[in-house]
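Colleague: okay, sequence plus prediction incoming.
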Amino acid sequence: MTNVTLVTGDGIGPEIAEAARRCIDATGAGINWDVAEAGVEVMERVGTPLPDATVESIKKNGVALKAPITTPVGKGYRSINVHLRQSLDLYACLRPCKSYKGVRSRYTDIDLVVVRENTEDLYAGIEFQKGKDDTAEIINWINEHSSRKITEDSGISIKPISVTATERIVRFAFDYARKMGRKKVTSVHKANIMKFSDGLWLEVSREVAKQYPDIEFEDRIVDNMCMQLIQKPELYDVIVLPNLYGDIVSDLCAGLVGGLGVAPGANIGEKAAIFEATHGSAPKYKGQNKVNPTALILSGVMMLRHIDKTAEADKLENAVAGVIAEGKSVTYDMKPDRNDPAAVGTSQMVDAIIEKIGTRIS
Ligand code: NAD
């Protein structure tokens, strides 16, 4: 048995966590689930949205499947998702974007993986507010030491890009490509403009690439990359990007394959990995047995591959793909008409997936 933490989340979280658990168990993967709570509901009961026991469980097991968690706006605690990523140093965000027959999209045959750096760049949270003393001090210093001037009434966000973080994320992208039998890594940047941050990113990318002669390497400027992804997505395989471009391009790629309902993801570090859907907790659908469980189930497929349960992962992915392709036992969002009365609920879609897994076993 392999121990995996199951974080049930809030909103639609508990329903889709149960859905993913049932599907994974049906593959015979032999997972021993360590169920842990996080989110607004546990906050109301125990006074914290992220109990220590949950973090300890993830640290102990090293692998978690996590349902979405609400980040209340203006209610005094920071995003638990961000907290988990920072405290466990989950430096790589992995987003496979793959076309499945039956998912409505303008594109077919897409099979890309976006690898986003999670810790640096403009998302490092190093910010200085307009009008504050610290900000004025920084502006004065820059105006004295740089030929370019910053106006007094500016706010400032800092964009750090280091050799250390770039090297580990680019290496992660190449290692992932190798493990998954992928052929090419594309490093994305704006090095023509930001020479000392994105320029460094590109330089380090090229150095790391030399150590992987079996994998093709190329680089693209981010604006060109966006256009190419829309025009010729089939040219790309694994794409590695700094934090901000990674955030934008991973949603662009999710859009290419039919949107958030089918977009799985993972945040991975040296000591722990958390697998989770890209979408949020959709509170308006809580407890209605209505939403699409696909993204979290496909995150479970990624989790099975991560723990080297490849046959079980293939079995589950094939079953999900089969149910979607048939288009019968799918939730409302996968129907051409979202009010189609023939749409099934979350648990009925799961029943259909489990039945397909059974079919393939026999
Ligand atoms: P959301 O992804 O929850 O919802 C966006 C839209 O997609 C809504 O119309 C929703 O009903 C629909 N939707 C989402 N998941 C669906 C599913 N599985 N099947 C069918 N329809 C689905 O985004 P939001 O409304 O911006 O965020 C809600 C909460 O989730 C916020 O508090 C946000 O901070 C949080 N959030 C959490 C995570 C996470 O835990 N990783 C990620 C994103 C957002």
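Modeller: That came through, no problem. This structure is a prediction, so every number in the text was calculated from the model and none was measured.

Colleague: where along the stretch 251-362 of the chain do the helices fall?
Modeller: Taking DSSP state H, counting those that start in this stretch, the helices of the stretch 251-362 of the chain run over residues 294-306, 310-326, 346-361.

Colleague: quick one: list the elements packing against the last one.
Modeller: For helix 346-361, the contact count by 3 or more C-beta pairs under 8 Å, 6 or more residues apart in numbering; DSSP states H and E identifies helix 13-26, helix 294-306, helix 310-326 as packing neighbours. In this view, the C-beta of every residue, glycine as well, is placed from N, C-alpha and C.

Colleague: reformat these as JSON lines; add mean pLDDT.
Modeller: Shown next, in JSON lines, are the helices and strands packed on helix 346-361 (pLDDT from 0 to 100):
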{"stretch": "helix 13-26", "mean pLDDT": "98"}
{"stretch": "helix 294-306", "mean pLDDT": "98"}
{"stretch": "helix 310-326", "mean pLDDT": "97"}
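
Colleague: looking at those, which is buried most?
Modeller: helix 294-306 (a mean of 26; mean count of other C-beta atoms under 10 Å).

Colleague: export that helix as PDB, just CAs?
Modeller: Output of helix 294-306 as PDB, limited to C-alpha atoms (Å, rounded to 0.1, in the frame of the first residue of the first chain):
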ATOM      1  CA  THR A 294     -12.700  15.100 -14.500                       C
ATOM      2  CA  ALA A 295     -10.000  17.600 -13.600                       C
ATOM      3  CA  LEU A 296      -9.300  16.100 -10.200                       C
ATOM      4  CA  ILE A 297      -9.600  12.600 -11.500                       C
ATOM      5  CA  LEU A 298      -7.000  13.400 -14.200                       C
ATOM      6  CA  SER A 299      -4.800  15.000 -11.400                       C
ATOM      7  CA  GLY A 300      -5.100  11.600  -9.800                       C
ATOM      8  CA  VAL A 301      -3.800  10.100 -13.000                       C
ATOM      9  CA  MET A 302      -0.800  12.400 -12.800                       C
ATOM     10  CA  MET A 303      -0.400  11.400  -9.100                       C
ATOM     11  CA  LEU A 304      -0.400   7.700 -10.100                       C
ATOM     12  CA  ARG A 305       2.300   8.300 -12.700                       C
ATOM     13  CA  HIS A 306       4.300  10.300 -10.100                       C
END
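
Colleague: name the residues that touch that helix?
Modeller: 4, 16-17, 19-20, 23-24, 27, 29, 63, 65, 67, 94, 96, 180, 260-266, 268, 273, 275-279, 310, 312-313, 316-317, 320, 324, 334, 349-350, 353 (C-beta atoms under 8 Å, 6 or more residues apart in numbering).

Colleague: let's see that with 6 Å instead.
Modeller: Applying C-beta atoms under 6 Å, 6 or more residues apart in numbering, the external contacts of helix 294-306 come out as 16, 20, 23-24, 29, 65, 262-264, 266, 273, 275-277, 279, 312-313, 316-317, 320.

Colleague: that one to helix 346-361, inter-axis angle?
Modeller: Here helix 294-306 points in a direction 40 degrees away from that of helix 346-361 (axes from the mean of the first three to the mean of the last three C-alpha atoms, to 10 degrees).

Colleague: report the beta-bridge partners for Val240.
Modeller: For Val240, the beta-bridge assignment (DSSP bridges) gives partners Val115, Ser187.

Colleague: wait, isn't it in contact with His189?
Modeller: No - taking C-beta atoms under 6 Å as the definition, Val240 is not a contact partner of His189, at 9.8 Å.

Colleague: give me the more crowded residue out of those two.
Modeller: More neighbours surround Val240 than the other of Val240 and His189, with 31 against 26 (other C-beta atoms under 10 Å).

Colleague: if we can go back for a sec, columns distance to Glu216 on top of the helices and strands packed on helix 346-361, output as JSON lines?
Modeller: Shown next, in JSON lines, are the helices and strands packed on helix 346-361 (distance: least, C-beta to C-beta, whole Å):
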{"stretch": "helix 13-26", "distance to Glu216": "34"}
{"stretch": "helix 294-306", "distance to Glu216": "22"}
{"stretch": "helix 310-326", "distance to Glu216": "24"}
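
Colleague: still on that earlier bit, which of the helices of the stretch 251-362 of the chain sits closest to the ligand?
Modeller: The ligand lies closest, by C-beta to the nearest ligand atom, to one member of the helices of the stretch 251-362 of the chain: helix 294-306, at 6.0 Å.

Colleague: tell me what angle that closest one forms with helix 310-326.
Modeller: 160 degrees.

Colleague: residue of the stretch 251-362 of the chain closest to the ligand, please.
Modeller: For the stretch 251-362 of the chain, C-beta to the nearest ligand atom, closest residue to the ligand: Gly280, 2.4 Å.

Colleague: which pLDDT does the model give the residue lying closest to that residue once chain neighbours are set aside?
Modeller: Distances taken as C-beta to C-beta, 6 or more residues apart in numbering place Pro68 nearest to Gly280, at 4.9 Å, with adjacent residues excluded. Here the pLDDT value assigned to Pro68 is 95.

Colleague: how far away is Pro68 from Glu56?
Modeller: Separation of Pro68 from Glu56 (C-beta to C-beta, to the nearest Å) stands at 21 Å.

Colleague: the more surrounded of the two?
Modeller: Neighbours were counted for Pro68 and for Glu56 using other C-beta under 10 Å; Pro68 has more, 25 against 13.

Colleague: and the more buried one, which of the three is it?
Modeller: coil (DSSP: H, G, I helix; E, B strand; the rest coil).
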